[in-house]
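Colleague: Predicted model and sequence follow; I will ask about them next.
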Amino acid sequence: MDKSGFDQMPLEWVRAFEAAARLGSFTAAAQESGLTQSAISQRIGHLEARLGTQLFIRQARQITLTAEGEAWLPHVQAALMGLRDSTEALFGVSRNRLTLSASASVNELWVVPRMAALAQVSGAQISLSTMVVSSGEALDEAALRIRYGSGDWPVHYARPLYEERMSPVAAPSLVGQEPVGKGLAKQVRWQDLPRLSVSGPRPGWRRWCEQTGTATTPVPQLRFDTFATGLAAARAGHGVLLASLPLVASDLAAGRLVRLSDEVLHHHETYWLLGARERLSRRQWQEVSGCLAQI
């Protein structure tokens, strides 16, 4: 390839190559870029013709980088990142509107208490979107997402919000820790109290009982499909909740709930903050993730 060929190489061809190589799919690159799969394939084809070399091995259901493509990818990514960073530094380019998608429970318990700081550090108008599980991820175009898992999402930006730790909690009145008359009510054994169950990815009472040797009874009679509603039931004194301690920290500090055990159930999964590089600047990601994440 001669110098004139390089000088006339459209940047969108290079971006198409980087996205397809990073995501391992022309289709995924098209979805991320807002283009069709054929447009991505065409741009990469033009790029290969201009470079005079094949960058991908195309198979029926997958693509893999050639040796030349694999060697070139880190240089392309470094160049694009440098271009993005210098643009932000010199011209103050940033996105003035950011949408964050999370479950109703996380929005209420984790994001909303940090909204003022989040808006300040991001310099953007923040919109919260409640994740609807049945809608799928394909339609989710939020710049920021909070999802529960082990962190293996195919995204450029990812950071865990906190270390997941769980322990039983309840309203003080339920376990006899509130004043009655002139003194404290007699404290009851929490293991005998009604238990609340919440559906979702977190470990439940069975895991807690296996770890601690606690009896599996009583079986929860009240079950909830979101952590926030289960938490509201616990505050109201309806039973004992196996709670995510980071999410109930404010309730514990305010005395609305009390911990019933010093034991903690650790879990390898937690909530992760995920960012779309095309929808927020690197500076915004650093500041937003610093505001929302504890670790």
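Modeller: Now that the structure is in, tell me what you want to look at. Residues are numbered from 1 along each chain as shown.

Colleague: Would you map out the domains in the chain?
Modeller: As given by automatic domain parsing, the domain ranges for the chain are 3-91, 97-160+269-292, 165-266.

Colleague: The longest one spans what distance, first to last residue?
Modeller: What that stands for is domain 165-266. 5 Å (C-alpha to C-alpha, to the nearest Å).

Colleague: Average pLDDT for it, rounded please.
Modeller: Averaged over domain 165-266, pLDDT sits at 90.

Colleague: what's the helix or strand hosting residue 271 in contact with?
Modeller: Residue 271 is located in strand 270-275, with elements delineated by DSSP states H and E. With C-beta atoms under 8 Å, 6 or more residues apart in numbering as the test, strand 270-275 has contacts from 106, 110, 143-149, 151, 153, 155-164, 285, 288-289, 292-293. (C-beta placed from N, C-alpha, C; glycine too.)

Colleague: Which of these fall in helices?
Modeller: 106, 285, 288, 289, 292 (DSSP state H).

Colleague: How many neighbouring residues does residue 256 have?
Modeller: Residue 256: 15 surrounding residues under other C-beta atoms under 10 Å.

Colleague: Contacts only, for the residue nearest to it when sequence neighbours are not counted.
Modeller: Sequence neighbours aside, residue 235 is the residue nearest to residue 256 in space, at 5.4 Å (criterion: C-beta to C-beta, 6 or more residues apart in numbering). If you count contacts by C-beta under 8 Å, 6+ apart, residue 235 has them with 171, 251, 256, 257.

Colleague: got those as a markdown table, with distance to residue 272 columns?
Modeller: Shown next, in a markdown table, are the contacts of residue 235 (distance: C-beta to C-beta, whole Å):
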| residue | distance to residue 272 |
| --- | --- |
| 171 | 31 |
| 251 | 23 |
| 256 | 27 |
| 257 | 25 |
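
Colleague: Can you tell me which of the residues you listed are buried?
Modeller: Among the contacts of residue 235, those that count as buried by neighbour count (16 or more other C-beta atoms under 10 Å) are 171, 251, 257.

Colleague: Show me which of those residues is closest to residue 210.
Modeller: Proximity of the buried ones among the contacts of residue 235 to residue 210 (C-beta to C-beta) peaks at residue 257, which lies at 23.9 Å.

Colleague: That closest one reaches residue 168, doesn't it?
Modeller: No: here residue 257 does not reach residue 168: they are 10.0 Å apart, not a contact under C-beta atoms under 8 Å.

Colleague: Now do the shared contacts for these two.
Modeller: Both residue 257 and residue 168 are in contact with residue 243, where contact means C-beta under 8 Å, 6+ apart.

Colleague: Now the two most distant members of the ones in helices among the contacts of strand 270-275.
Modeller: Distance extremes for the ones in helices among the contacts of strand 270-275: the farthest pair is 106 and 285 at 18.3 Å, using C-beta to C-beta.

Colleague: More neighbours: the two, which one.
Modeller: For residue 106 versus residue 285, neighbours defined as other C-beta under 10 Å are more numerous around residue 106 (25 against 22).

Colleague: ok, the more buried one - contacts?
Modeller: By C-beta under 8 Å, 6+ apart, the contact list for residue 106 reads 146, 247, 271.

Colleague: mind redoing it with 10 Å?
Modeller: 100, 112, 128, 130-131, 146-148, 161, 226-228, 244, 247, 271 (C-beta atoms under 10 Å, 6 or more residues apart in numbering).

Colleague: And for residue 54?
Modeller: Counting by C-beta under 10 Å, 6+ apart, residue 54 touches 44, 45, 48, 65, 66, 67, 68, 69.
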